[in-house]
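> Any chance you could fold what I've pasted below:
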Amino acid sequence: MEDTQANRRKKTRGEDYIAQGSILAVAVVITKIIGVVYRIPLTNILGDEGNGFYGYAYQVYAIALMLSSLSLPTAVSKLVSVRMAVGQRRNAFRVFLCSLLFAVSVGLIISLAIFLGAGAISEHMMKAPFSIYALKVLAPGLLIVAVMAVLRGYFQGLGTMVPTAVSQIIEQIINAVVSIIGASVLFGMGSRAGEKAGEKLLGPAYGAAGGTLGTVVGAAAGLLFLLFVLWIFKGGIRRQIKRDHTKEKETYSHILKVLVMTAIPVIFSTAIYNINQILDLTIFNHIMDAQGFTESEYMALQGIYTGKYDPLINVPMSIPYALSTSIVPALTTVVMARNKRKTHYQIDQTLRLTTIITLPSCVGFLVLASPLMVLLYNDAGKVPAQLLMLGSVVIILYGWSTITNAVLQGLNYLSSPAKNAAAALVIHLGALVLMLTVFKWNVYALVGSNIVFAVIMCVLNQRKIRQVCGFRINLRRTFVKPLIASAIMGAVTYGVHFGLDRLIGGRVIPTVLAIFVAVIVYGVLILKLGALSEKDIQALPMGTRILGWCQTLRLMPSREE
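Just a heads-up that it's a prediction; the model follows:
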């Protein structure tokens, strides 16, 4: 009976990754939408200069966060899921305790380093001295998020994304409220201080610091929720540990060694993704400065990139991230069972769903770039819209590279994404310098070079996956069908917006209705074309009920391919 229940639990952890990933994806999309919405008043409060300080400080924070905690959810979930798959519940909990101590130690050291070194980083490395205030505010958040990352990784390793999902929503709501209030209050204080000191950038700098305050307070709220969940389920965890009769008891020194060896390649690949952004902005600032642009001018351009372009692009890109979070422990479990057929099926399903989500997002941003910028930021300028149009393809490429990174990690090839990212980074930086100095593409070079980076990552990752497990992409189902549906959707969306804009005008109704029509048209087409199978739909939360609705409405093809 015990073995039967263990097998059932193993099956659940191995096969409900799409449902768990979908739960997390919904939460992540909600948080990204909240992020876009609250960045509208925040952007208006800070102005382009303040957004530049905010974005730059946040990029440095992202690098430090990656070193202290960003790879921990993946590493911890992988180690916990491996032990849970073979019934070692006590060792799984020991992984959690060891990871927690590691996170507190590393998070505290890096948090202090950023706080004490904020002046040198902002002035010498970033060439944006007024970012110091935002950096100092962000520093304590590194310790908080490091601890929170371990808790999320532990729950994910147990096979549930719900605590992570809810904590992310709580974190973002608190973040949004505190960021707006903090930016407004501190911008006023900075402006008054700037008038006395004769420094007009002091207001935006203080405002950026107020905006980053929400990040820290929101993270603290998310951590408190996760601790509350852990406290609620402490009895169940103790009972599971008592039922564990495994003789092998891993030492903390061994667990720490395995944790570090698992985390280092993940950290390295994640580091390159994050350092990619900070290096881009640093190179951009130095070259723009050398070309005669003032700090106010190039920080304003950077503010458009980090404050308007990035938040929008990150909304659809968050879904592949959520799926990648769930695929690592699930694929690890299947690989341990040496089930090649199921391994290929999970890879195919995840890559297909990623394409089905990212392709229409790319097309949507391409045809509605200017209306979206007007709707969200009341900005009818050419630069924001052109950035969004040029960068729309990044959604597909980065989504694909994120998923293939996770697939390789789930296949236990942890160092491959790091090696591929290193190669892509070198070519990417060369392309960025070329685009800025020779072609003088200005802020568009930031987007163009990111496209180069993502293309290389996709090619190298996919080639490695094929080498290690023999998986081949079904081009027709993975790309052709979603592309046809996206193209038709794009044409209909453009036509609807064009017609409504001529008939009634305004910044809200034509764009909102065009998006609504786009979602319906694409949903119907993707089902009619058979890009989603019955198994795909059943794997979603409430999948059986959704499949019944689709069949009732005759949206599914007559037979599966």
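
> Give me the pLDDT for the closest residue in space to Val524 that isn't next to it in sequence.
Of all residues not flanking Val524 in the chain, Leu555 sits nearest, at 6.2 Å (C-beta to C-beta, 6 or more residues apart in numbering). Where you see a C-beta, it was placed from the backbone N, CA and C, and this is true even at glycine. Leu555 carries a pLDDT score of 85 in this model.

> Okay, and Leu555 sits in which element?
Using DSSP states H and E, Leu555 sits in no helix or strand.

> Next, work out how far apart it and Ile45 are.
From Leu555 over to Ile45 the distance is 45 Å, taken as C-beta to C-beta, to the nearest Å.

> Which one's more surrounded, these two?
Remark: of Leu555 and Ile45, Ile45 carries more neighbours, 24 against 16, as counted by other C-beta atoms under 10 Å.

> helix, strand or coil for the more buried one?
helix (DSSP: H, G, I helix; E, B strand; the rest coil).

> so it makes contact with Ile180?
Yes - between Ile45 and Ile180 there is a contact under C-beta atoms under 8 Å: 7.2 Å.

> Check what contacts stretch 91-111 and list those residues.
64, 67-69, 72, 75-76, 79-80, 83-84, 139-147, 149-151, 153-154, 157-158, 237, 241, 246, 248-250, 252, 255-256, 259-260 (C-beta atoms under 8 Å, 6 or more residues apart in numbering).

> May I see the buried residues of it?
Residues of stretch 91-111 classed as buried: 91-96, 98-100, 102-103, 106-108, 110-111 (neighbour count, 16 or more other C-beta atoms under 10 Å).

> Let's see which of those residues end up in helices.
91-96, 98-100, 102-103, 106-108, 110-111 (DSSP state H).

> which of the residues you listed lies closest to Ile537?
Of all these, Ile537 sits closest to Ala92, with 32.0 Å by C-beta to C-beta.

> Setting the sequence-adjacent residues aside, check what's closest to the closest one.
Using C-beta to C-beta, 6+ apart, the closest residue to Ala92 is Arg83 (4.1 Å).

> same thing with Gly50?
Pro204 (3.2 Å).

> now Val258
Distance criterion C-beta to C-beta, 6+ apart; nearest residue to Val258, sequence neighbours excluded, is Leu79 at 6.5 Å.

> wait, that neighbour sits on Val260?
No - Leu79 is beyond contact range of Val260, at 11.0 Å (criterion: C-beta under 8 Å).

> Quick one: the helices in the stretch 201-350 of the chain, in order.
Using DSSP state H, counting those that start in this stretch, the helices of the stretch 201-350 of the chain run over residues 202-232, 234-243, 252-290, 295-304, 310-336, 340-367.

> pLDDT below threshold where in the stretch 251-400 of the chain?
Applying pLDDT under 70 to the stretch 251-400 of the chain flags the ranges 274.

> thinking again about what came up before, closest to Asp348 out of the ones in helices among the buried residues of stretch 91-111?
Closest to Asp348 out of those is Ala92 (29.1 Å), distances taken as C-beta to C-beta.

> For Ala380, which three-state class applies?
Look at Ala380: counting by three-state DSSP, its state is coil.

> Any idea how many residues pack against it?
Other residues near Ala380 come to 12 when the count uses other C-beta under 10 Å.

> The nearest residue to it once chain neighbours are set aside in helix, strand or coil?
What sits nearest to Ala380 in space, not counting adjacent residues and going by C-beta to C-beta, 6+ apart, is Val374, at 5.4 Å. When classified by three-state DSSP, Val374 comes out as helix.

> Distance of Val374 relative to Ile40?
Val374 sits 12 Å away from Ile40, going by C-beta to C-beta.

> Which one's more surrounded, those two?
Taking Val374 and Ile40 together and counting by other C-beta under 10 Å, Val374 has the greater number of neighbours (20 against 17).

> dump the residue contacts of the more buried one.
Each residue near Val374 by C-beta under 8 Å, 6+ apart is listed here: Ala380, Arg507, Thr511.

> Repeat that for Gly292.
Not one residue lies near Gly292 by C-beta under 8 Å, 6+ apart.

> likewise the one 5 residues further on?
For Glu297, the contacting residues are Met288, taking C-beta under 8 Å, 6+ apart as the criterion.

> where does Leu555 fall, phi/psi-wise?
Backbone torsions of Leu555, given as degrees, to the nearest 10, read phi -90, psi -20.

> Surely it touches Leu527?
Yes - look at Leu555 against Leu527 with C-beta under 8 Å: they come within range, at 4.2 Å.

> what's the most distant pair in the buried residues of stretch 91-111?
Maximum distance among those (C-beta to C-beta): 29.7 Å, for Asn91 and Ser111.

> Mind listing residues that contact stretch 381-396?
Residues outside stretch 381-396 that contact it (C-beta under 8 Å, 6+ apart) are 301, 304-305, 308-309, 312-313, 316-317, 355, 358-359, 361-363, 365-366, 369-370, 372-373, 377, 443-444, 447-448, 450-451, 454.

> what about 7 Å?
Residues outside stretch 381-396 that contact it (C-beta atoms under 7 Å, 6 or more residues apart in numbering) are 304-305, 308-309, 312-313, 316-317, 358-359, 361-362, 365-366, 369-370, 372-373, 443-444, 447, 450-451, 454.

> Quick check on these: which are buried?
Buried members of the contacts of stretch 381-396, counted by 16+ other C-beta under 10 Å: 304-305, 308-309, 312-313, 316-317, 358-359, 361-362, 365-366, 369-370, 372-373, 443-444, 447, 450-451, 454.

> what separates Val229 from Val480, distance-wise?
Val229 is 43 Å from Val480, by C-beta to C-beta.

> more crowded one of those two?
Using other C-beta under 10 Å as the criterion, Val229 and Val480 rank with Val229 on top: 18 against 13.

> Just the pLDDT for that one.
For Val229, pLDDT reads 93.

> distance of it from Leu158?
For Val229, the distance to Leu158 equals 11 Å [C-beta to C-beta].

> what's the closest of the ones in helices among the buried residues of stretch 91-111 to Leu279?
Using C-beta to C-beta, those come closest to Leu279 at Ile110, 18.9 Å.
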